[in-house]
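Undergrad: From the sequence below, what's the structure:
(2 chains)
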Amino acid sequence: MNKSSEKTKSTVTIDTSGYEVATQEIRSEAKRLLTEKIVDAVVGYQGGRRGGSAVPVVITDPDQAEKLVFSAACVNNLSIYLTKAKKEIRAKGKLAVVAKGCDLRALAGLMGESQFKREEVVIIGVTCAGVHRAGTQPGQPLTDSTIAKKCRECSVHIPEGSDLIVGKLPPLPNLSPTEKELMEKLDAMTPALRWEFWKEQFTRCIRCLACRQVCPFCYCEQCLCDRGRPQAVDTSPRPSGNMGWHIVRAMHLAGRCAGCAECERVCPMDIPLNLLNRKMAEELKELYHYEAGLKPVEKGPLTSYDEKDDQSFIK
Amino acid sequence: MPHDFEPKIVAFVCTWCTYAGADLAGTSRMLYPSNVRVVKFPCTGRIDPVFILKAFQKGADGILVSGCHPGDCHYMAGNFHARRRFAVFRKLLEFIGVDLNRLEFSWVSAAEGGKWVEIITQMTEKIRAMGPLTQFTDLADEEQWSGALGNPELKAVYDQV
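TA: Numbering: from 1, shown residues only, chains lettered A, B, ... in the order given. Below is the predicted model of the structure:
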C-alpha cells in the first residue's frame, strides 16, 4: 500500500550525534531534579525491548534516571501525559517532561487550555534534528527516507522557552517538504476529485481511534463520537461514519492542534490525517492570523471572536 | 406546477431572530417554498457542525444556517462565535470536497419576513437546479473500500502518501 519505501533515491543521512549528548544531559538533569525533590516524576523515553527502539516512561526514582534515552526513535509526543485525563500520572505530583520542539507547541496549547500551569511542570527541551517516521525498523539510521514527514519541514528544532535545552543541533540537510507538496496537489484538484481522495482514505479507516487516544488535545472524558443517544457519528467502521468521525475530529482540533502529527504516525491504515489538521491551521492563520502553539493563550481562535470578522459568506 | 425534483432543505435557525422572522413571514401570509424544514435552536452558537453533517447524511440536499444579525444576539456573542466556527467549517467541507453551494448562511432578524422568503425561494431554486445531493447518502450504502482506483491523477497522489 505504501510505496514510498520503494523509492530509493540518493539517501541523505542526518547527523544524530547530538542525541548522545542529549541523552547524557537528560539523565543528569532528571537525576538532579529527582534527588533535589524539585519534581516527583520525570516523563521521558527509555529504550524499548527491541534494540534501538524507544518507549515513553515515567520515573520517580533518581536511580532510574540512567534508563532515560533520547534517539531518533523517540517519536512520541509526551505532552499527552500531562493532561488532566492522565490521572495516575498527575497524582504523582510535580512533573518534569522531555519535550522536542513540536511537543513544546502542544505543551503551550495545553497550558492555554488550563490543563496545567507553567510553574507546575519542568520542561527539558531537546534539540531535535528529526525522528523516525512510522514503520521504521528500530535501530535504522536517520535518513531522508526514514525521517518523519513533519520533520522535513520542521521550524522548531530548538525548543525555545524550555527550562533547560539539551543536546546540540547538527548541520541539517535541506529536505523536500513532501506534505506541503501533497497539500498543493490536493488544493489544485476539483472538489469532486478531492471527495474521491478522502473517500478512498476514510473508507480504509478501521475506527481503532488510535488517532484520538494519542492526541494530546483529545482529553475529553466522554467523546461526542462515542455517544449513542443521540448519536452524532455512526460508531461502526463503515464509510459514512468514518467520514463523519474524521470531519468531527478535524473540526474539534481546529485552532488547537499543534501539528505534532501523532495521529498520522499511529494510524494503522496510513491515512494522512495531518493533512486535515494542517488545512485547518492554514485557514485559521489566513482568516484570524492565529497560529497554534506559539505561546500559551487562554482563548483560541474558535473560542474568541472579533466583531469585524469576515462575513462575506453570510447573506 | 410540478417539478421533477423537490429538494429537501433543512434550516437551522435561532429562536430569537430567524425563527421569529419566519413566523412573521407566515403570519403576514407571505408564500415561500414548503421544501424547507425549520429546526429551531436557542442560538446559532448552539448549532454544532455535527448537525450539518448529520443532516447531509440523512438526505438533506441543502442546508441553511440562519440567526441574528451581528450585535443582535440574545446571548450577546453567540452569533459571533458561530460566524467563526462556520467560516472554518466551510473551509473544511470544501477541502473534503463538498460543494459549498449547498450550505448557506444568513442573518435574518425578527422583522425580516421578506428576507426569509427571498432566501428560501432563491435557495430552493438553486438546489433544485443542482439536483439531489448523493455524496453522503451513497456513502451510507457503501461497504468497506474496494481497492479500486479509477483515476490516474488520484493514483499518483495516493502513491505519494
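
Undergrad: going forward, measure contacts and count neighbours with C-alpha atoms only.
TA: Will do.

Undergrad: Restrict whichever strand or helix holds B:Val13 to CA atoms and write it as PDB.
TA: Under the criterion of DSSP states H and E, B:Val13 resides in strand B:9-14. Provided in PDB are the C-alpha atoms of strand B:9-14 (Å, rounded to 0.1, in the frame of the first residue of the first chain):
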ATOM      1  CA  ILE B   9     -33.700  21.900   2.600                       C
ATOM      2  CA  VAL B  10     -33.000  22.000   6.300                       C
ATOM      3  CA  ALA B  11     -32.800  25.400   8.000                       C
ATOM      4  CA  PHE B  12     -31.100  25.600  11.400                       C
ATOM      5  CA  VAL B  13     -32.400  28.800  12.800                       C
ATOM      6  CA  CYS B  14     -32.100  30.700  16.100                       C
END
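
Undergrad: Mind listing residues that contact it?
TA: Contacts to strand B:9-14, defined as CA atoms under 8 Å, 6 or more residues apart in numbering or on different chains, come from residues B:19, B:35-44, B:47, B:55, B:60-68, B:124.

Undergrad: Could you identify the helix or strand that succeeds it?
TA: helix B:18-27.

Undergrad: from the middle of its chain, how far away would that next one be?
TA: Between the mean C-alpha location of helix B:18-27 and the chain-wide mean there is a distance of 19 Å, by CA atoms, centre = their mean, to the nearest Å.

Undergrad: Helix B:18-27 and the very next helix or strand once past that helix, what's the angle between them?
TA: Using DSSP H and E, the helix or strand that follows helix B:18-27 in sequence is strand B:36-41. Angle of strand B:36-41 versus helix B:18-27, following axes from the mean of the first three to the mean of the last three CA atoms, to 10 degrees, is 140 degrees.

Undergrad: How many neighbouring residues does residue 48 have?
TA: By default, I'm working from chain A. By the measure other CA atoms under 10 Å in any protein chain shown, the count of residues near A:Gly48 is 14.

Undergrad: My question was about chain B, not that one.
TA: B:Asp48, neighbours per other CA under 10 Å, totals 14.

Undergrad: Please apply the same query to the one 10 residues further on.
TA: B:Lys58: 12 surrounding residues under other CA under 10 Å.

Undergrad: Stretch A:266-286: which residues count as buried?
TA: Across stretch A:266-286, burial judged by 16 or more other CA atoms under 10 Å in any protein chain shown covers A:266-284.

Undergrad: looking at this, B:Ala129 is in a strand?
TA: No: B:Ala129 is assigned helix when assessed by DSSP: H, G, I helix; E, B strand; the rest coil, not a strand.

Undergrad: From A:Thr146, how far off is it?
TA: Taking CA to CA, to the nearest Å as the measure, B:Ala129 falls 51 Å from A:Thr146.

Undergrad: Compare those two (neighbour count), which wins?
TA: Neighbour count, other CA under 10 Å: between B:Ala129 and A:Thr146, A:Thr146 has more, with 22 against 12.

Undergrad: Just to check, the more buried one is in contact with A:Pro138?
TA: No: in terms of CA atoms under 8 Å, A:Thr146 does not count as a neighbour of A:Pro138; the distance is 10.5 Å.

Undergrad: And the pLDDT for the spatially most central residue of chain B?
TA: By CA atoms, centre = their mean, chain B has its centre lying nearest to B:Ile63, at 1.8 Å. pLDDT, B:Ile63: 96.

Undergrad: can you give me the angle the one helix or strand it maps to makes with helix B:18-27?
TA: Element membership of B:Ile63, judged by DSSP H and E, is strand B:62-67. On the basis of the same axes, to 10 degrees, strand B:62-67 is oriented at 110 degrees to helix B:18-27.

Undergrad: Partner strands of strand B:62-67, with direction?
TA: strand B:9-14 (parallel), strand B:103-107 (parallel) (DSSP bridges).

Undergrad: Tell me which of those sits most buried.
TA: Of all these, strand B:9-14 carries the top mean neighbour count, a mean of 26, counting by mean count of other CA atoms under 10 Å in any protein chain shown.

Undergrad: can I have stretch B:52-59 written out in CSV, keeping just the CAs?
TA: The C-alpha trace of stretch B:52-59 is given here as CSV (Å, rounded to 0.1, in the frame of the first residue of the first chain):
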residue,chain,number,x,y,z
ILE,B,52,-25.0,19.9,9.5
LEU,B,53,-23.1,16.7,8.8
LYS,B,54,-25.9,14.6,10.2
ALA,B,55,-28.5,16.4,8.1
PHE,B,56,-26.4,15.8,4.9
GLN,B,57,-26.0,12.1,5.8
LYS,B,58,-29.7,11.8,6.4
GLY,B,59,-30.5,13.1,3.0
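
Undergrad: I would like the residues contacting stretch A:211-218, please.
TA: The contact list for stretch A:211-218 (CA under 8 Å, 6+ apart) reads A:77, A:79-81, A:83, A:106, A:110, A:253, A:256-257, A:262-264, A:266-267.

Undergrad: pull the CA atoms of that stretch into CSV?
TA: C-alpha atoms of stretch A:211-218 as CSV (Å, rounded to 0.1, in the frame of the first residue of the first chain):
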residue,chain,number,x,y,z
CYS,A,211,-5.7,9.0,16.5
ARG,A,212,-7.9,10.0,19.3
GLN,A,213,-6.0,8.1,22.0
VAL,A,214,-2.7,9.6,21.0
CYS,A,215,-3.8,13.2,20.6
PRO,A,216,-2.8,15.5,23.5
PHE,A,217,-5.9,17.6,22.8
CYS,A,218,-8.4,14.7,22.8
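
Undergrad: A:Pro301 - how many residues pack around it?
TA: By other CA under 10 Å, 23 other residues sit near A:Pro301.

Undergrad: Contact partners for the closest residue to it other than its chain neighbours?
TA: Spatial nearest neighbour of A:Pro301, excluding adjacent residues (CA to CA, 6 or more residues apart in numbering or on different chains): A:Gly255 at 5.8 Å. Contact analysis of A:Gly255 by CA under 8 Å, 6+ apart lists A:Met280, A:Ala281, A:Leu284, A:Tyr290, A:Glu291, A:Ala292, A:Gly300, A:Pro301, A:Leu302.
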